[in-house]
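Colleague: any chance you can model this:
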Amino acid sequence: MTPPPPADERRRARRRRLIGAVTAAIVALILAGAWAVMGPGGSGDGPESSPERVDAGTTDTGPGATTRPRARIIRSRTEGSPPAETDPTTTSATIAGPAGAPAEPRTRTRRPVVWVQAGHAEPREPGYRAQTGAGSGPFGSEVPFTTELTEKVVALLTRAGVDARPVAGQVDPLGAEGAAFVSLHHDSPGGAAAFGHAITGAGENYYRGEGTGGPSPTPYPDSAAHRPATAVTGPVERDSRALAEALDAAYRPIYTGRNGAGGRYGGVQTREGNPRMMRYYGFYRTSARARVLVEAGAAGADDAFLARTDLIAAAVTEGIVAHLRRTGRLD
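Modeller: Modelled structure (predicted):
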């Protein structure tokens, strides 16, 4: 029978076993952490966690599938800082393609400018200040109708990606440039829903004093002074006619008895048509490529229809947007 080891030897053995167990536990923890970071492939490319990169594609897997690299949209920003101010007429994004491909910044073209005039709204144009609009209609007079309709058309055009700008009776700035100028009105009792447009070989109307009496192609002895006129060229007439036709196409379907219309529909005016519409002064205060006047309907007969400014605004916007897209000025 072997005698038991001394007490000191037994204590040293227990200490060695304890140290060994602790060491083994530490090694096991280290190995488990490495497995979680490296993954089963052992490449070290774990999941992306950067908030600056957003996956925009997918990877095909499965029998016979090929692997496609994910396209990524890279957004540049600085942590903790407010978004940088940008030109409201442009938008841009940087697109990163497959791995190794250089990033390509893409900037949209400038948004088309469209001037929307609230007919007869103050301040009014010199030489036409006495023309305050019809004194009847669903809003009691023409100006409340044109201002409300202008606000709604501008809002809808803006949502469609257009740089829409409201303007009063006095066109400001003089010679305003843009893709289109659209003046909104409703006609006097006995009138019609119709569209006038700028034409070459003519000029603006003149009236007595600040806008009374009948229109004349030449000044009366007492006609108030007019501001300088812009030119209407052949291309401007063609573009203006095309915009009027686009508006007519969008407007005609809504001008129905079911929608409250009870008057006459005149459509696009001829070159020899209503001189108040075809030689409208607004066409000679802007340099826009297309210049159109909208008579939304006749006060009295069309009051129920004219009260539906949401419906009218949607149709006017539809016509303008269709023209801008057809001429390549809006995506």
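
Colleague: switch to C-alpha atoms for all contacts and neighbour counts from now on
Modeller: Noted.

Colleague: and the strands in the stretch 151-300 of the chain?
Modeller: Secondary structure of the stretch 151-300 of the chain (DSSP state E, counting those that start in this stretch): strands located at 163-167, 180-187, 192-197, 206-208, 212-216, 264-268, 290-298.

Colleague: to residue 222, which of the ones you listed lies closest?
Modeller: The minimum distance between residue 222 and the strands of the stretch 151-300 of the chain falls on strand 206-208, with 5.7 Å, by CA to CA.

Colleague: adjacent strands (with direction) for that closest one?
Modeller: Using DSSP bridges, the neighbouring strands of strand 206-208 in the sheet come out as strand 212-216 (antiparallel).

Colleague: buried sites along the partner strand?
Modeller: Going by neighbour count (16 or more other CA atoms under 10 Å), the buried part of strand 212-216 is 215, 216.

Colleague: dump the residue contacts of residue 138.
Modeller: 145, 299, 300, 303, 304, 306, 307 (CA atoms under 8 Å, 6 or more residues apart in numbering).

Colleague: next one: phi and psi at it?
Modeller: When read as degrees, to the nearest 10, the backbone of residue 138 gives phi -70, psi -20.

Colleague: could you do residue 118 as well?
Modeller: phi -80, psi 100.

Colleague: what's the local residue count around it?
Modeller: Residues lying near residue 118 (other CA atoms under 10 Å) number 26.

Colleague: show me what contacts residue 268?
Modeller: Here residue 268 is in contact with 194, 195, 196, 244, 245, 248 (CA under 8 Å, 6+ apart).

Colleague: is it in a bridge, and if so with what?
Modeller: residue 195.

Colleague: just the C-alphas of the host helix or strand of residue 146, formatted as PDB.
Modeller: In this assignment (DSSP states H and E), residue 146 forms part of helix 142-159. Listed next in PDB are the C-alpha coordinates belonging to helix 142-159 (Å, rounded to 0.1, in the frame of the first residue of the first chain):
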ATOM      1  CA  GLU A 142     -63.500  86.900 -61.200                       C
ATOM      2  CA  VAL A 143     -60.400  87.700 -59.100                       C
ATOM      3  CA  PRO A 144     -61.200  85.400 -56.100                       C
ATOM      4  CA  PHE A 145     -61.700  82.600 -58.700                       C
ATOM      5  CA  THR A 146     -58.400  83.300 -60.500                       C
ATOM      6  CA  THR A 147     -56.300  83.600 -57.400                       C
ATOM      7  CA  GLU A 148     -57.700  80.400 -55.800                       C
ATOM      8  CA  LEU A 149     -57.200  78.500 -59.100                       C
ATOM      9  CA  THR A 150     -53.700  79.800 -59.500                       C
ATOM     10  CA  GLU A 151     -52.700  78.600 -56.100                       C
ATOM     11  CA  LYS A 152     -54.000  75.200 -56.800                       C
ATOM     12  CA  VAL A 153     -52.300  74.900 -60.200                       C
ATOM     13  CA  VAL A 154     -49.000  76.100 -58.800                       C
ATOM     14  CA  ALA A 155     -49.200  73.500 -56.100                       C
ATOM     15  CA  LEU A 156     -50.000  70.600 -58.500                       C
ATOM     16  CA  LEU A 157     -47.300  71.700 -61.000                       C
ATOM     17  CA  THR A 158     -44.700  71.800 -58.200                       C
ATOM     18  CA  ARG A 159     -45.600  68.300 -57.100                       C
END
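
Colleague: now do that helix, average pLDDT.
Modeller: Mean pLDDT, helix 142-159: 98.

Colleague: buried sites along it?
Modeller: Buried positions in helix 142-159, judged by neighbour count with 16+ other CA under 10 Å: 142-147, 149-158.

Colleague: now stretch 192-208
Modeller: Across stretch 192-208, burial judged by 16+ other CA under 10 Å covers 192-199, 203-208.

Colleague: what sits against the closest residue in space to residue 236 that isn't next to it in sequence?
Modeller: In this structure, residue 236 finds its nearest non-sequential neighbour in residue 289, 5.3 Å apart by CA to CA, 6 or more residues apart in numbering. Contacts for residue 289 (CA under 8 Å, 6+ apart) come out as 177, 178, 179, 180, 181, 235, 236, 239, 240.

Colleague: give me the helix or strand of this protein that scores worst on average pLDDT.
Modeller: When each helix and strand of the chain is scored by mean pLDDT, DSSP states H and E, strand 72-74 comes last, with a mean of 24.

Colleague: tell me which two in the contacts of residue 138 are the farthest apart.
Modeller: The distance between the two most remote of the contacts of residue 138 (CA to CA) is 13.4 Å, for 145 and 300.

Colleague: in this structure residue 324 contacts residue 290, no?
Modeller: No. The pair residue 324 / residue 290 is not scored as a contact, 10.0 Å apart, by CA atoms under 8 Å.

Colleague: list the contacts of the nearest residue to residue 217 once chain neighbours are set aside.
Modeller: Once flanking residues are discounted, residue 217 sits nearest to residue 205: 5.2 Å by CA to CA, 6+ apart. Residue 205 makes contact with 215, 216, 217, 218, 275, 276, 279, 280, 281, according to CA under 8 Å, 6+ apart.
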